[in-house]
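In: output the structure for:
(one chain, ligands or ions: 3)
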Amino acid sequence: TQGQVITCKAAVAYEPNKPLVIENVQVAPPQAGEVRIKILFTALCHTDAYTWSGKDPEGLFPCILGHEAAGVVESVGEGVTEVQPGDHVIPCYQAECRECKFCKSGKTNLCGKVRSATGVGVMMNDRKSRFSVNGKPIYHFMGTSTFSQYTVVHDVSVAKIDPQAPLEKVCLLGCGVPTGLGAVWNTAKVEPGSNVAIFGLGTVGLAVAEGAKTAGATRIIGIDIDSKKYETAKKFGVNEFVNPKDHQKPIQEVIVDLTDGGVDYSFECIGNVSVMRAALECCHKGWGTSVIVGVAASGQEISTRPFQLVTGRVWKGTAFGGFKSRTQVPWLVEKYMNKEIKVDEYITHNMTLGEINKAFDLLHEGTCLRCVLST
Ligand code: NAD
Ligand code: AHE
Ligand code: ZN
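Out: Residues are numbered from 1 along each chain as shown. Ligands and ions are numbered 1, 2, ... in the order given. You can find the predicted model right below:
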């Protein structure tokens, strides 16, 4: 198949919120600096649902969504040296070129090399898509487009992993789990003995809990409007639970009262701007740090009294938990193989690519953490 167009199945999003259509899609061969991957397993993340909903200002249609996956390299374009056909890989929506201003700064995991193309659904070389249906182009998404049996990505967006690792599990290391762990380890840098508040106990919030537990946090307070979330959350390290609906007072006041003035660290893992405010304001005066992880819709803005920051609270955000993707995803895979981090525990459902619309329905029901699709 090397050098040839591959026709395969992919789930195409033609319009916001309209059911995805399983199509025969043509996938062009990889050009210079590109890698064509046979995707074997892909999970669904709430960010896919967010873009599909039409609320993402970067959302383009028709497109192929998906960004949490694992597969095997099918072929590589000219000049690609770091992976070869047969390598087991995880596509990374956050690239790492190791050459750009961002990568060399030592201050961020964001990479500037291909972002201008991945944000508009095309490849860097010719600003065109490698996907088409009957000659009509279909946009890429987040530089990954994993809801397809084959995809083409930039070489700077491919993490080569241990071939022994079970792809049906480690696909989760493409987004949600590293995001939560890294928000704690890299962005907040939680110290032993800290008190932590986690708003939203989905996959990302649970991974924050796991990260906080391994960092030695003492009180790990989970906050969710769905009280059923506590049972599962305990297994990930949450040791106290608050449902805002059980209280008259604003949730930030409830947490401040519970913690003698506020928590050391808080994490917003929902994407709700009023909860982001509460998460900042439940932090301790003088040092409390709040990390925004959730993605909020186009047009939404955060606010608080500047006095909150003047008096020492710190507001931060994180993308992919601050992990350098190509370097650290393989390391996370090893940590999983050594049983140092959980992955299997986040997988509540398994389905096939053909059942993707049903999988999206599940994602909104609240019983589903991650649903892994086999392609
Ligand atoms: P999820 O929907 O599984 O989890 C959200 C949880 O929040 C649910 O348990 C829900 O009951 C709870 N919730 C909703 N409204 C609430 C409220 N007002 N107060 C308290 N709890 C509330 O989602 P997820 O997959 O865990 O993702 C969480 C967010 O993180 C999404 O916005 C997603 O787009 C974003 N995300 C960001 C990054 C990043 O790199 N920054 C990476 C992955 C995901
Ligand atoms: N396109 C959206 C922003 C989406 C967003 O913030 N994405 C996160 C990852 S979410 C993964 O599930 C991210 O890493 N952003 C950094 C980047 O470079 O995109 C919008 O609202 O414009
Ligand atoms: Zn995601």
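In: now do the contacts for residue 102.
Out: Contact analysis of residue 102 by C-beta atoms under 8 Å, 6 or more residues apart in numbering lists 108, 110, 111, 112. Just so you know, the C-beta spots here come from the backbone N, C-alpha and C atoms, and that holds for glycine as well.
In: and those residues, which of them are buried?
Out: Neighbour-count burial (16 or more other C-beta atoms under 10 Å) is assigned, among the contacts of residue 102, to 110, 111.
In: now go through the contacts of residue 102 and say which are in strands.
Out: Assigned to strands by DSSP state E, none of these qualify.
In: filter the contacts of residue 102 down to the ones close to ligand 2.
Out: For ligand 2, the contacts drawn from the contacts of residue 102 by C-beta under 6 Å from any ligand atom are residue 110.
In: dump the contacts of residue 102 to JSON lines, plus pLDDT.
Out: Below are the contacts of residue 102 laid out as JSON lines (pLDDT from 0 to 100):
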{"residue": "108", "pLDDT": "98"}
{"residue": "110", "pLDDT": "98"}
{"residue": "111", "pLDDT": "98"}
{"residue": "112", "pLDDT": "97"}
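In: of the contacts of residue 102, which is the nearest to ligand 2?
Out: Closest approach between those and ligand 2, by C-beta to the nearest ligand atom: residue 110, at 5.9 Å.
In: okay, the closest one and ligand 1: tell me how far apart.
Out: Residue 110 is 11 Å from ligand 1, where distance means C-beta to the nearest ligand atom, to the nearest Å.
In: ok, now residue 8?
Out: From residue 8 across to ligand 1, the span is 26 Å (C-beta to the nearest ligand atom).
In: what are the phi and psi angles of the residue lying closest to that residue once chain neighbours are set aside?
Out: Leaving aside its chain neighbours, residue 8 sits nearest to residue 149 (3.8 Å; criterion: C-beta to C-beta, 6 or more residues apart in numbering). Here is the backbone geometry of residue 149 (degrees, to the nearest 10): phi -70, psi -30.
In: what residues are up against residue 149?
Out: So residue 149 contacts 8, 9, 10, 38, 39, 353, 375 (C-beta under 8 Å, 6+ apart).
In: apply 10 Å and report the result again.
Out: 6-10, 25, 27, 37-40, 42, 71, 74, 353, 375 (C-beta atoms under 10 Å, 6 or more residues apart in numbering).
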